[in-house]
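*Asks:* model this:
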Amino acid sequence: MSDVSDNSAEEIESAAGPAPGDLDMTDEEGRILDQDEIDELLGFDEDADELQSTGIMELINSALVNYERLPMLDIVFDRLVRLMSTSLRNLTSDNVEISLDHISSVRFGDYLNSIPLPAMLCIFKAEEWDDHGLLVVDSALVYSVVDVLLGGRRGTSAMRVEGRPFTTIETTLIERMVNVVLGDMTSAFDPLSPVNFRLERIETNPRFATITQGNNAGVLVRMRIDMGDRSGRVEVMIPYATLEPIRELLLQMFMGEKFGQDSIWENHLTNELYMTDIEVQAILGETTVSLHDILNWEPGATVMFNTRVEDSVELRVGEHPMFTAKTGQRQGRIAVNVETYIAPGSGGGKRS
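*Replies:* The predicted structure follows:
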């Protein structure tokens with residue numbers, strides 16, 4: 001009897017299949033997936049390109065707003081790179097080359113956890129937008145700028161001392177460079193929308209540089225700065241909440257674009273309207289007459305108006321009164337002399 005029960009239990013388990021909580025890590029051929037294949041399926045493949053996401057991570061990040069929907073950012077940051085090339089060259093008295101690596105969308109929390117330390121995290125405020133942004137200077141650029149500003153020899157890479165905090169001198173020198181970068185960023189945004197970026201503080205711990213919630217998306221701009229044999233990176237992180245006041249301007253495809261408006265056609269239409277012929281009627285007088293009186297009219301009948309010779313007449317275009325005028329004669333013809341303009345919706349005239 002026990003053998004029959006065991007066989008029945010095995011048949012029930014085989015028919016029911018795997019438990020709901022069990023993950024089937026086998027392919028169609030029944031082969032078990034190894035760890036690398038599982039990581040690739042979930043989107044955690046470290047060898048994959050940074051700009052290409054796969055698996056479940058693609059679904060998670062699908063809610064992010066793509067920066068390509070804000071095409072004006074490309075123009076703004078291209079302008080920033082040109083301005084920084086000149087400003088940093090004047091600051092360091094050295095040949096400085098700046099390249100824009102890429103612009104991407106990323107969650108603020110994910111970016112904050114990915115910052116390689118040590119680094120200087122500079123929190124700045126956009127005063128007109130009343131919000132903040134983050135500028136990160138990596139350690140390689142910190143030591144390179146300090147070495148150049150303090151007269152280091154050319155052709156030698158900056159010496160890095162790991163495992164210690166940045167000194168006051170290093171922080172002061174980087175603060176000078178950051179103020180230059182923020183000034184150039186102010187100039188880059190100025191043709192689009194006047195804004196002033198002001199440095200508030202410099203942190204070295206990412207926990208103290210939280211300017212928005214971790215799940216909020218933002219625009220991440222990566223720039224590489226080369227000074228001879230020295231190089232480093234500057235990254236600008238601006239949350240989308242900070243850019244919200246100028247979102248409509250960033251949606252433009254080119255500077256000064258106005259959706260639904262064509263200046264050439266507008267000027268042409270305006271000129272054509274000015275050349276339009278319209279009929280103006282001079283109303284000498286109005287009165288109310290009954291139908292019985294009209295039926296009794298005969299040639300030579302006299303119709304009485306309440307208008308005197310010295311009274312003003314009304315000039316109309318269609319049903320709209322436009323001016324009041326005085327009647328007279330000119331070269332044997334009846335003429336009117338315009339005196340006042342009648343504003344739309346008003347009952348009287350306004351002296352023009």
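
*Asks:* Endpoint to endpoint, stretch 191-202 covers what distance?
*Replies:* 28 Å (Cα to Cα, to the nearest Å).

*Asks:* what do you get for stretch 248-263?
*Replies:* 20 Å.

*Asks:* what do you get for stretch 188-205?
*Replies:* Length of stretch 188-205, first residue to last, Cα to Cα: 29 Å.

*Asks:* Run through who's touching it.
*Replies:* Stretch 188-205 has contacts (Cβ atoms under 8 Å, 6 or more residues apart in numbering) with 72, 76-77, 79-80, 83, 117-129, 132-133, 165-166, 171, 174-175, 178-179, 182-183, 185-186, 209, 245-246, 249-250, 255. From N, CA and C alone the C-beta is placed, and that goes for glycine too.

*Asks:* which of those count as buried?
*Replies:* 72, 76-77, 79-80, 83, 118-126, 129, 132-133, 166, 174, 178-179, 182-183, 185-186, 209, 246, 249-250 (16 or more other Cβ atoms under 10 Å).

*Asks:* Wait, a helix at M177?
*Replies:* Yes - under DSSP: H, G, I helix; E, B strand; the rest coil, M177 falls within a helix.

*Asks:* Would you quantify the distance from it to E319?
*Replies:* 70 Å (Cβ to Cβ, to the nearest Å).

*Asks:* Who has more neighbours out of the two?
*Replies:* M177 (25 against 6; other Cβ atoms under 10 Å).

*Asks:* Helix or strand: which one has the residue lying closest to the more buried one once chain neighbours are set aside?
*Replies:* Residue nearest to M177 in three dimensions, not counting chain neighbours: V145, with 5.5 Å by Cβ to Cβ, 6 or more residues apart in numbering. Per DSSP states H and E, V145 falls inside helix 139-149.

*Asks:* Send me that helix as PDB with only the CA atoms.
*Replies:* Extracted C-alpha coordinates of helix 139-149, given in PDB (Å, rounded to 0.1, in the frame of the first residue of the first chain):
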ATOM      1  CA  SER A 139      41.100  63.100  -8.200                       C
ATOM      2  CA  ALA A 140      43.200  62.900 -11.400                       C
ATOM      3  CA  LEU A 141      42.100  66.400 -12.400                       C
ATOM      4  CA  VAL A 142      42.400  67.800  -8.900                       C
ATOM      5  CA  TYR A 143      46.100  66.800  -8.700                       C
ATOM      6  CA  SER A 144      46.700  67.900 -12.300                       C
ATOM      7  CA  VAL A 145      45.300  71.400 -11.800                       C
ATOM      8  CA  VAL A 146      47.100  71.800  -8.400                       C
ATOM      9  CA  ASP A 147      50.400  70.700 -10.100                       C
ATOM     10  CA  VAL A 148      49.900  73.200 -13.000                       C
ATOM     11  CA  LEU A 149      48.800  76.100 -10.900                       C
END
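
*Asks:* tell me the average confidence for that helix?
*Replies:* Helix 139-149 comes out with an average pLDDT of 88.

*Asks:* starting at the chain centroid, how far to that helix?
*Replies:* Put simply, helix 139-149 sits 33 Å off its chain's centre (Cα atoms, centre = their mean, to the nearest Å).

*Asks:* What does the pLDDT read for M84?
*Replies:* Note for M84: predicted pLDDT of 92.

*Asks:* typed the wrong thing, it's T156
*Replies:* T156 is assigned a predicted lDDT (pLDDT) of 58.

*Asks:* Could you do L273 as well?
*Replies:* 88.

*Asks:* did I read that right, G328 in a strand?
*Replies:* Yes - membership of G328 in a strand is supported by three-state DSSP.

*Asks:* That one reaches V336, doesn't it?
*Replies:* Yes - under the criterion of Cβ atoms under 8 Å, G328 makes contact with V336 at 7.4 Å.

*Asks:* more crowded one of those two?
*Replies:* Using other Cβ under 10 Å, the more surrounded residue of G328 and V336 is V336, with 19 against 10.

*Asks:* Look up the closest residue to that one, ignoring the ones flanking it.
*Replies:* Using Cβ to Cβ, 6+ apart and skipping the chain neighbours, the partner closest in space to V336 is A325 (3.9 Å).

*Asks:* Give the bridge partners for the one you found, please.
*Replies:* Beta-bridge pairing for A325 (DSSP bridges): V313, V338.
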